[in-house]
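In: with the sequence up front, the predicted model follows.
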Amino acid sequence: MKEKLTFRQIMEKNDITICPEIYDCLSAKAVELCNFELVMISSAEFATALQGNPDLGFLTLDDYVHACYYISRATKLPLLVDADDCFGGPLRVFNACKRMAEAGAQGILIVDQDLDNGGILPIKKAVEKFKAAKAAMEGTDCLLIARCDVDPLTDLDEAIERCNRYHEAGADLTLIVKLNAVKDREQRAKILDRIGKEVQGWKMYPDLGATDGKPDVDVDEIARYGFKLVGIHYLMYAAFEGMLDYGHHIYQDRSNVYFNKYNDTGVEFNAAAQFFGVEDGYWESVEAKFVDDPAERKSVWMRHFVMETLKGNK
């Protein structure tokens, strides 16, 4: 069985770590089964999945806390959270980070933008928020990721200064979010070289992208500049594409044949059974401690129902 590592231990162990961005328990489990080491709640995908909204700041703190609680228990991987502006000023940031860390978050990303009024916060105001966030994480495994939204093409000096000020305020990682907008390789290499030499502490690179079938950056290359973490989006697109594919066939066929097309290969699927404690008897063993009669145990009925369903699909 793989050793369960904290976010900090993974940062210390790896030159660089790719972190897929997820939105629920099942997407987190899919990442775990693909052998990644971290997951991050994407604010945009979480907003879409939970509320059917774009990422317009409508998610509440309770939405995040509930997601942290459930997802951190559904996967063995450390859970990071993109918390946007973390709900406002320092006091709200402190409360939000404390609650999310207590619910299971091991990393919280906060932006230096004023999302209500537009624009980037003055450094002093941003530093106050990051100090509050770090104070809330004391005594937990949670790390702070401070995101700088200054465009490195417009003012790299300010972006570097801000990252260093955020690091001094307690940020464990800093992120200059518009780095992936720099498409010219030579220009990007010069910018990354400066960031690697001048920005203190661990650094995160923005989400991995691709153009014309080629990756926009080489992961090993950016690691050489001191970047320890990089995000990547693919889960929601992949899930939606799969649902559309199956749905179109089932609608046209007026049957479930397409869904069951893998039966001949012996592939079976039931998420509750295979990933969340039904098939391995976890819930049955828990309930057996309190309910003596197997016939009265809900977990036995659930296990029987799920396993029979799997058999029936053969």
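Out: Noted; the coordinates are in hand.

In: show me where this structure has its strands.
Out: Ranges of strands within the chain are 17-22, 39-41, 79-82, 105-111, 143-148, 173-176, 202-205, 210-211, 214-215, 227-232, based on DSSP state E.

In: could these go into CSV alongside mean neighbour count, distance to E3 and mean pLDDT?
Out: For the C-beta atoms, the positions are set from N, CA and C on the backbone; glycine is no exception. As requested, the strands of the chain are arranged in CSV below (neighbours: other Cβ atoms under 10 Å; distance: least, Cβ to Cβ, whole Å; pLDDT from 0 to 100):
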stretch, mean neighbour count, distance to E3, mean pLDDT
strand 17-22, 22, 15, 98
strand 39-41, 28, 17, 98
strand 79-82, 27, 17, 98
strand 105-111, 27, 15, 98
strand 143-148, 26, 19, 98
strand 173-176, 25, 22, 98
strand 202-205, 24, 21, 98
strand 210-211, 8, 32, 90
strand 214-215, 8, 30, 92
strand 227-232, 22, 19, 98
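
In: out of those strands, which comes closest to L91?
Out: strand 105-111 (14.1 Å; Cβ to Cβ).

In: just how off-centre is the closest one within its chain?
Out: 10 Å (Cα atoms, centre = their mean, to the nearest Å).

In: contacts for it?
Out: Strand 105-111 has contacts (Cβ atoms under 8 Å, 6 or more residues apart in numbering) with 6-7, 38, 40, 68, 72, 78-86, 93, 97, 100-101, 129-130, 133, 137, 141-147, 149, 175, 177.

In: could you redo the last one with a cut-off of 7 Å?
Out: Outside strand 105-111, the residues that touch it by Cβ atoms under 7 Å, 6 or more residues apart in numbering are 6-7, 68, 72, 78-86, 93, 97, 100, 129-130, 133, 141-147, 149.

In: any idea how far D216 lies from K178?
Out: 13 Å (Cβ to Cβ, to the nearest Å).

In: look up the closest residue to K4, ignoring the ones flanking it.
Out: Leaving out its chain neighbours, the residue that sits closest to K4 by Cβ to Cβ, 6 or more residues apart in numbering is K76, at 5.6 Å.

In: hmm, that neighbour is touching V31, no?
Out: No. Using Cβ atoms under 7 Å, K76 is not in contact with V31; the gap is 10.7 Å.

In: circling back to that earlier point, neighbours of the residue nearest to K4, how many?
Out: 15 (other Cβ atoms under 10 Å).

In: going forward, count from 99.
Out: I'll keep to 99 as the first residue from here, and by that count the last item is K174.

In: how close does the closest residue to Q149 other than its chain neighbours sit to F144?
Out: Excluding its sequence neighbours, the residue lying closest to Q149 (Cβ to Cβ, 6+ apart) is F156, at 6.1 Å. When distance is defined by Cβ to Cβ, F156 is 11 Å away from F144.

In: mind listing the helices for this protein?
Out: Under the criterion DSSP state H, the chain contains helices at 105-111, 123-131, 141-149, 159-172, 188-201, 221-234, 250-266, 283-296, 317-321, 333-351, 369-373, 380-386, 396-410.

In: mean pLDDT and mean neighbour count for these - can I get that in CSV?
Out: What follows is the helices of the chain, written out as CSV (pLDDT from 0 to 100; neighbours: other Cβ atoms under 10 Å):
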stretch, mean pLDDT, mean neighbour count
helix 105-111, 98, 17
helix 123-131, 95, 20
helix 141-149, 97, 19
helix 159-172, 97, 18
helix 188-201, 98, 20
helix 221-234, 98, 20
helix 250-266, 97, 19
helix 283-296, 95, 15
helix 317-321, 95, 16
helix 333-351, 95, 12
helix 369-373, 66, 16
helix 380-386, 83, 15
helix 396-410, 64, 14
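
In: tabulate those (TSV), appending distance to G307.
Out: Shown next, in TSV, are the helices of the chain (distance: least, Cβ to Cβ, whole Å):
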stretch	distance to G307
helix 105-111	23
helix 123-131	18
helix 141-149	15
helix 159-172	25
helix 188-201	28
helix 221-234	26
helix 250-266	16
helix 283-296	13
helix 317-321	12
helix 333-351	13
helix 369-373	30
helix 380-386	39
helix 396-410	39
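
In: K359 is nearest to which of those helices?
Out: Nearest of the helices of the chain (Cβ to Cβ): helix 333-351, 8.9 Å.

In: that closest one packs against which elements?
Out: strand 115-120, helix 123-131 (3 or more Cβ pairs under 7 Å, 6 or more residues apart in numbering; DSSP states H and E).

In: of all the ones you listed, which lies closest to G268?
Out: strand 115-120 (20.8 Å).

In: what's in contact with that closest one?
Out: 108, 126, 129, 134-140, 143, 178, 317, 326-333.

In: just the CA coordinates of it, formatted as PDB?
Out: Provided in PDB are the C-alpha atoms of strand 115-120 (Å, rounded to 0.1, in the frame of the first residue of the first chain):
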ATOM      1  CA  THR A 115       4.200  17.700  -9.200                       C
ATOM      2  CA  ILE A 116       1.300  17.900 -11.600                       C
ATOM      3  CA  CYS A 117      -2.000  18.500  -9.800                       C
ATOM      4  CA  PRO A 118      -5.300  17.800 -11.700                       C
ATOM      5  CA  GLU A 119      -8.200  20.100 -11.000                       C
ATOM      6  CA  ILE A 120     -11.400  18.400  -9.900                       C
END
